[in-house]
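> Here is my input; please provide its structure:
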Amino acid sequence: MPKDLTVAQLERMLEKKRVRLENLVQRRAKLQKQLAKLEVSIVSIGGAVREGGKPRRGRKRPKNTKTLFEAVSEVLSHNKKGIPIKELAAKILEGGYKTRSANFENTVYQIIYNNRDKVAHDAKTKTYRLK
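Numbers count the residues shown, from 1 in each chain. All right, here's what the predicted structure looks like:
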């Protein structure tokens, strides 16, 4: 922007900005009225109106009848000598446990790690069994 603008030019620039601002404010008010009418229509049909802006997407978490540790305990109870973590994870999934985990073996390991008082680890054979 040149430094040698006259006062009249600066006033014209300010006026253009004021006009643009006023147009945008009027447009916003019009859109808000349309949105209010739309929300009334949604409610009249029986839908719920969410406060705020964007609609939230719910997390679709799988429902299981038993916890992961219960599933781990069940599989380990059938394998008295112990079982490696890969096989353990595979048998849990075969048993119908649902998950969306990208690395289910790691999730199984975390459950075992947090229940070390109930699950024993044999470092030589790299297997896990119930205590």
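
> going forward, measure contacts between C-alpha atoms and count neighbours the same way
Will do.

> so who does residue 67 touch?
Listed by Cα atoms under 8 Å, 6 or more residues apart in numbering, the contact set of residue 67 is empty.

> any idea how far it lies from residue 87?
Distance of residue 67 to residue 87, computed by Cα to Cα, to the nearest Å: 18 Å.

> Also residue 35?
Residue 35 is 55 Å from residue 87, by Cα to Cα.

> Likewise for residue 108?
As judged by Cα to Cα, residue 108 and residue 87 stand 11 Å apart.

> How about residue 6?
For residue 6 relative to residue 87 (Cα to Cα), the value is 81 Å.

> Would you mind telling me which of the two has more residues around it?
Between residue 6 and residue 87, counted using other Cα atoms under 10 Å, residue 87 has the larger neighbour count: 13 against 8.

> And that one, what's its pLDDT?
pLDDT, residue 87: 93.

> Just the buried residues of the host helix or strand of it, please?
Element membership of residue 87, judged by DSSP states H and E, is helix 85-94. Neighbour counts over helix 85-94 (16 or more other Cα atoms under 10 Å) mark 85, 88, 89, 91, 92 as buried.

> quick one, what contacts the first one?
By Cα under 8 Å, 6+ apart, residue 85 lies in contact with 105, 108, 109, 127, 128.

> same question, residue 64
By Cα under 8 Å, 6+ apart, the residues touching residue 64 are 97, 98.

> Look up the pLDDT of it for me, please.
Looking at residue 64, the pLDDT reads 89.

> Is it in a helix, a strand, or coil?
Classification of residue 64 using DSSP: H, G, I helix; E, B strand; the rest coil returns coil.

> now the longest helix anywhere in the chain, how far from the centre of its chain.
Ranked by residue count and defined by DSSP state H, the top helix of the chain is helix 7-45. Taking Cα atoms, centre = their mean, to the nearest Å, one finds helix 7-45 lying 34 Å from the centre of the chain it belongs to.

> same thing with stretch 81-101?
24 Å.

> Start and end of that stretch, how far apart?
27 Å.

> so residue 108 makes contact with residue 91?
No: using Cα atoms under 8 Å, residue 108 is not in contact with residue 91, being 11.3 Å away.
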